[in-house]
Structures are given as structure tokens and as C-alpha cells.
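Asks: Sequence and computational prediction follow.
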Amino acid sequence: MIASAPQTHAEPDVILRADGLVKTYAGVQALKGVSLSVRRGSIHGLLGENGAGKSTLVGLISGMRTPTSGEIWLDGSPVGGRDVKAMEQAGVFLVTQEPMIVDPLSVEENLLLGRWPSKGGFVDFKRLRRDATHMLEGVGIAPDMSAGLLGAVEKRKLNILRALFSGGRVIILDEPTTSLTVADRNQLFDFMRELRGRGVTFIFISHYNEEILEICDAVSVLRDGALAGESADIAALNSDSLSEMVLGRDLSLFHRRKRTPETLSPSPGVYFRDVRAAGVAVADFSIAAGEIVGFAGLPGSGAKDFARCMFGLEPTESGSFAIAGQEPIPLPAAPHEAFRHGIAYLSDDRRRDGLVGIRSIGDNLVMSSLDALSSLGWIDTRREGETAQRYFRQMGVKAPGLATPGDSLSGGNQQKVCLGRVIATGPKLLILDEPTRGIDVGVKEDVHRQIDTLTGQGMSVIVITTDLDEMVRTVDRVCVFSGGAIVETLIGSDITKERLRAAAFDRAANTPGTSQP
Ligand SMILES: Nc1ncnc2c1ncn2[C@@H]1O[C@H](COP(=O)(O)OP(=O)(O)OP(=O)(O)O)[C@@H](O)[C@H]1O
């Protein structure tokens, strides 16, 4: 840390400044001297490839981590090296991707969390309650409602409100739009704009260029732990120039050569009949060998639930399926049964059912393929090592090696490992729920190319994604879900963003009983 106690950076416009921040983790230099200035009352975007150092940088700014060297200035005073509590007292709050909300407590109790009196301290609860009620009234969330009943966007709003309520002036949002629908994201953005109007400053991390361009006033781009570009005027940038700053080269977008009923392989794919479960009623769904089908629909529409039924993750009342011309059999009752029949599934919740953080990358990559890699109970360790190495390389995981523990990977690299693991099982039907969430722009396109290649070998793929741009470019057919059933199918040139939005979101907004996330 620079010894700089008496020094100040008096720039009334700048609320936060980082100077030459370096962070080294056990030999890995995650930040190599990064500087940035954040203007008061602005939304400052932070962009960069997976592992570029974004989380590390905001970890230092929020006090979660200590810089190896460098300084942080808040309102002209040095604050680098202070812990989370001290940074929160100074007005800097980090809102992570997981909403830190206590479900059984009421909304108001959640707001007051962290304001309980310390030993011997005094808090005017009456006033706090009044202030909390007032604050919540403004955003239309009932103070006495159980927080567990809140939707994803309300939970994110509540996190931001909690930070503001505790005196937050600089609020850092780490990929806040993951798992939000387009409508929810717009609502969150309106809320941020309103708060910016009241002088709140945001640092906003996202992998989506369009989000940065829409909501931010300025942007800093990290590449390999260093500042790769910055702009105080977002209007001067476009999606291509942002991608170029992130990657250091042009981004070539992948467009699948869409297969039509005429060009699809005649060999039998997979079909499902009469699938009934809570929130699902699908009479008939077939996917051809080598076909990519997108499932679209709001949460509660049944798209995700149907996919989970296929993999044995949801209890079903009825349903059968048949793969590659075999006799129909009942739906898998559990994931291991589904795997055995050649169905693999990538969950949208990497933390819940994805990566095992304490295990190595290598173990994580082959974990689901062990049946195929063993005979008579013995695991073929040579093949196991080869498989792990192959998918490590294929997915472009940025890490020192296969022995690196999953926990020490950046979020996007964890997602690549999870994706590599399901692909490594060599399934006949691959179900991907938000496969490119948290993955940077460059790797996203690689992932789509890889999936395209796999379909050339006959693999059928179902993709669930809230990213409509991706859906349009990468799938052959879209099934739109509402009320648990497939209500519309789009193919070929009918798959456009406008049609998708109208079919999935406008319909859901008008369908009674379709819940928001
Ligand atoms: N606890 C840790 N131990 C060792 N290395 C770490 C640790 N945390 C992060 N790293 C390494 O530091 C580098 C930067 O990671 P960081 O999480 O800051 O990236 P990021 O830009 O946030 O990536 P993503 O977009 O994937 O979330 C990566 O190489 C990562 O593997």
C-alpha cells in the first residue's frame, strides 16, 4: 500500500478513485496496477473477459479483499485496505449476484438488518421503521410482506435499498441482471436511473455490451488484469468498439446455418409424450438428431420445468420418452437415470447444482462421465486425465492447470467448467439452461461454435436463454411456452427478436396466473 495519509485528491466531480491497484493471489497476479476514476452521480460500467479481474477490483474497492499495493480514494481521502465494515460506513457497498436477503424475514426487517444496535449502542428504531416504510412506499414494495415472496427483481431492488438505507453512496452491482427477464431488467434500470438522479453513484459489472451502452455514463474495460480501455462518454462507443476493447481484436459473431425440416437428419432424435407435472402439460415434443431448439417463455411459463422433467429433476405425474428409435420408456426418475439414457443437463444455478468448489478443475470436468470412463468398477485414470485435459482446452478455461481448485476460478471460468462437464458425457440430448450466463463475449461465440459442431455429430440440443439475440442467431426452432404448454413454434426466418418478444413476453404479460420470477 502506498503510504499516503496526509495526501488528498481534491476533485469535487470524482467520488471514487483507484490508483495503481495490484492484487496477487498465491502467485497469480489478478490486477497489475489498475487506475480508474468514478464520477459522482454516474453509472460507471466495468467490462472485461472472464478472469480479467473485475470481481477482484470491486473486491478491493468494497473492502472484501486487501490490495497488494495501490491506493483507493473516496471523496479525496485514502481508504484502501479498509475492511468491508469500514467501507460500508464510508458509504461503499457491494451487491453481489446472489441477493443477500433473508427469506423468512419481512421486507422491512431485511431493510433494518445490520442496523441492530451494537452492544451499548443506541438505535432509534421508531424512526428507522418510519424511514423504511417511507422508502419502500416509493418503490411499491409492501414493508410487511415476507421477503421470500419477492420476485428476483424486487430482491435486487431490496438489496440496493438496504445499501442506500445504510448510507450507501457508491453501490457496486456485480452482474445484477443475471436471471432477470427483459421486462425485469428494464424495471431495474429505471430504478437505477431514478437513484442516479438523486445523486447515487453505481459501478455496474456486466458481460452484455447492450446493457453497458444503455445504462452507463462511462466505462472501464479490463483485460488480463490491466486497464485495456476507458471512456467517460459512453455515447461515443458502440457494441463493436466495446467488444474490441474487451478482446483486443474484432469479435466475429457466430450465426448458425439454420437447419430446416428438409435439411435435418432423417435419423430419429428424441421425443417426449404426455408430460405432466406441477406447472407442465406438454402433450408432444420431438427434437431431431442434430437439431437445436430454443425454449422461450417467462419464469412460470413451464419452459424450465419441462426441461427439468426431462432430466428427472421434477416429480412427474405422467410422461414417456424415446431416444434414437428405441422403445418409449417412462421419464427418468432421477438425473443418474437420465445420464444413463444419454440426456445431460446444465443447470442455470452453478452454485446450487454445478461446480464443486473444493474439488479440482480436472475432477469437476470428468465428474459426470465417470461411468463411461470406468469398467468393472475401475476408473481408467489415463482416459480420465485425457478427457479432463481435452475439455479444459476446448472450453478455454483460464487457470494455471487441471489441479487448480474450482473455488479459485473467476465466475465465468466456473461456468465454462460446468459446461465442459456436461458436454464431456457425450449425450444424445443436451439441455442447456442459460449456458452462456456470466461468460464473456468472446467465449460465448466459441461456445456456440462448439455446440454447432456437436450437432454435426448428431447431438440434439435444447437451449433456454433470456438472451434473445443469442437465441435468434443460434437455434433452428423456438418453442414458446405459456401456462405449462407449448403455445407457438417459430422456425427459420420467423425467429426474430421482435417475434420472440411478442410471442413469449407479451403473451405471458396478458396471461392470468403466469407468475413473475
Ligand atoms: N481466491 C483466489 N485464489 C486464486 N486466484 C484467484 C482467486 N480469486 C480470483 N483468482 C484469479 O484472479 C483472476 C481474476 O479473477 P476475477 O474473479 O477478478 O475475474 P473476473 O473479471 O471477475 O471474471 P468473471 O467475468 O469470470 O467473473 C483469475 O485468474 C482468477 O482465477
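Replies: That came through fine. Residues are numbered from 1 along each chain as shown.
Asks: what's in contact with stretch 395-408?
Replies: Stretch 395-408 has contacts (Cβ atoms under 8 Å, 6 or more residues apart in numbering) with 25, 27-28, 50-51, 355-362, 364-365, 385, 388-389, 392, 409-410, 413-414, 416-417, 419-420, 443, 446-447. Where C-beta positions appear, they are placed from N, C-alpha and C, glycine not excepted.
Asks: Take the residues you listed and keep only those in strands.
Replies: Under the assignment DSSP state E, the contacts of stretch 395-408 contribute 25, 28 to strands.
Asks: Only the buried subset of the contacts of stretch 395-408, as a ChimeraX command please.
Replies: Buried residues among those (16 or more other Cβ atoms under 10 Å), as a ChimeraX selection:
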select :50,51,355,360,361,362,364,365,388,392,409,410,413,414,416,417,419,420,443,446,447
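Asks: Quick check: which of the contacts of stretch 395-408 are also close to the ligand?
Replies: 25, 28, 50, 51, 409, 410, 413 (Cβ under 6 Å from any ligand atom).
Asks: residues contacting the closest residue to the third one other than its chain neighbours?
Replies: The spatial neighbour of residue 50 that comes closest, neighbours along the chain excluded (Cβ to Cβ, 6 or more residues apart in numbering), is residue 412 at 2.9 Å. Applying Cβ under 8 Å, 6+ apart to residue 412 gives the contacts 49, 50, 51, 207, 438, 439, 440, 443.
Asks: Okay, and which of those residues map to helices?
Replies: residue 443 (DSSP state H).
Asks: Lowest-confidence member of the contacts of residue 412, which is it?
Replies: Lowest pLDDT within these is found at residue 438 (81).
Asks: That one contacts residue 415, correct?
Replies: Yes - using Cβ atoms under 8 Å, residue 438 is in contact with residue 415, at 5.0 Å.
Asks: So for the two, which residue has more residues nearby?
Replies: Shown here are residue 438 and residue 415; by other Cβ atoms under 10 Å, residue 415 has more neighbours (26 against 19).
Asks: so that one sits right up against residue 434, yeah?
Replies: No - contact criterion Cβ under 8 Å: residue 415 and residue 434 do not qualify, at 9.0 Å.
Asks: so what strands line up beside the helix or strand residue 276 falls within?
Replies: Applying DSSP states H and E as the criterion places residue 276 in strand 270-277. Strand 270-277 has the following sheet partners, assigned by DSSP bridges: strand 280-287 (antiparallel), strand 316-323 (antiparallel).
Asks: tally of neighbours for the closest residue to residue 264 other than its chain neighbours?
Replies: Leaving aside its sequence neighbours, residue 264 sits nearest to residue 288 (Cβ to Cβ, 6+ apart; 4.3 Å). Residue 288 has 22 neighbours, counted by other Cβ under 10 Å.
Asks: same deal with residue 186?
Replies: Around residue 186 there are 14 residues (other Cβ under 10 Å).
Asks: Secondary structure of it: a strand, I assume?
Replies: No - using DSSP: H, G, I helix; E, B strand; the rest coil, the assignment for residue 186 is helix, not a strand.
Asks: Quick check: residue 308 touching residue 316?
Replies: No - in this structure, residue 308 is not within contact of residue 316 by Cβ under 8 Å, at 9.8 Å.
Asks: For residue 326, which three-state class applies?
Replies: Residue 326 - assigned by three-state DSSP - is coil.
Asks: Distance check, it against residue 129.
Replies: 63 Å (Cβ to Cβ, to the nearest Å).
Asks: if you count what's nearby, which of the two comes out ahead?
Replies: Between residue 326 and residue 129, counting by other Cβ under 10 Å, residue 129 is the more crowded of the two (15 against 12).
Asks: Got the phi and psi for the residue nearest to residue 79 when sequence neighbours are not counted?
Replies: Spatial nearest neighbour of residue 79, excluding adjacent residues (Cβ to Cβ, 6+ apart): residue 72 at 5.3 Å. Here is the backbone geometry of residue 72 (degrees, to the nearest 10): phi -120, psi 140.
Asks: again, but for the one 3 residues further on
Replies: Backbone torsions of residue 75, given as degrees, to the nearest 10, read phi 50, psi 40.
Asks: Check residue 105 too.
Replies: Here is the backbone geometry of residue 105 (degrees, to the nearest 10): phi -80, psi 160.
Asks: which residues touch it?
Replies: Listed by Cβ under 8 Å, 6+ apart, the contact set of residue 105 reads 113, 146, 147.
Asks: Pipe these into JSON lines and attach secondary structure, neighbour count and distance to residue 93 per row.
Replies: Shown next, in JSON lines, are these (DSSP: H, G, I helix; E, B strand; the rest coil; neighbours: other Cβ atoms under 10 Å; distance: Cβ to Cβ, whole Å):
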{"residue": "113", "secondary structure": "coil", "neighbour count": "16", "distance to residue 93": "13"}
{"residue": "146", "secondary structure": "strand", "neighbour count": "14", "distance to residue 93": "24"}
{"residue": "147", "secondary structure": "helix", "neighbour count": "22", "distance to residue 93": "18"}
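Asks: Also within reach of the ligand: list those from the residues you listed.
Replies: Applying Cβ under 6 Å from any ligand atom to the contacts of residue 105, one finds that nothing falls near the ligand.
Asks: Next, format the residues you listed as CSV and append distance to residue 224 and pLDDT.
Replies: Formatted as CSV, these follow (distance: Cβ to Cβ, whole Å; pLDDT from 0 to 100):
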residue, distance to residue 224, pLDDT
113, 38, 77
146, 45, 88
147, 40, 86
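Asks: with those residues in mind, which one is nearest to residue 58?
Replies: Checking the contacts of residue 105 against residue 58 with Cβ to Cβ, the nearest one is residue 113 at 21.6 Å.
Asks: So that closest one sits against residue 128, correct?
Replies: No - using Cβ under 8 Å, residue 113 is not in contact with residue 128; the gap is 11.2 Å.
Asks: Could you tell me what pLDDT the model assigned to residue 511?
Replies: For residue 511, pLDDT reads 47.
Asks: do the same with the one 4 residues further on
Replies: According to the per-residue confidence, residue 515 scores 36 in pLDDT.
Asks: same thing with residue 3?
Replies: Confidence at residue 3, expressed as pLDDT, is 42.
Asks: ok, residue 358 - contacts?
Replies: 405, 406, 407.
Asks: Over to residue 216?
Replies: Residue 216 neighbours (Cβ under 8 Å, 6+ apart): 43, 44, 45, 204, 234.
Asks: Tell me if I am right that the second one is in a strand.
Replies: Yes - Residue 44 forms part of a strand when assessed by three-state DSSP.
Asks: what's the helix or strand for the residue lying closest to it once chain neighbours are set aside?
Replies: Sequence neighbours aside, residue 38 is the residue nearest to residue 44 in space, at 4.6 Å (criterion: Cβ to Cβ, 6+ apart). Using DSSP H and E, residue 38 sits within strand 28-39.
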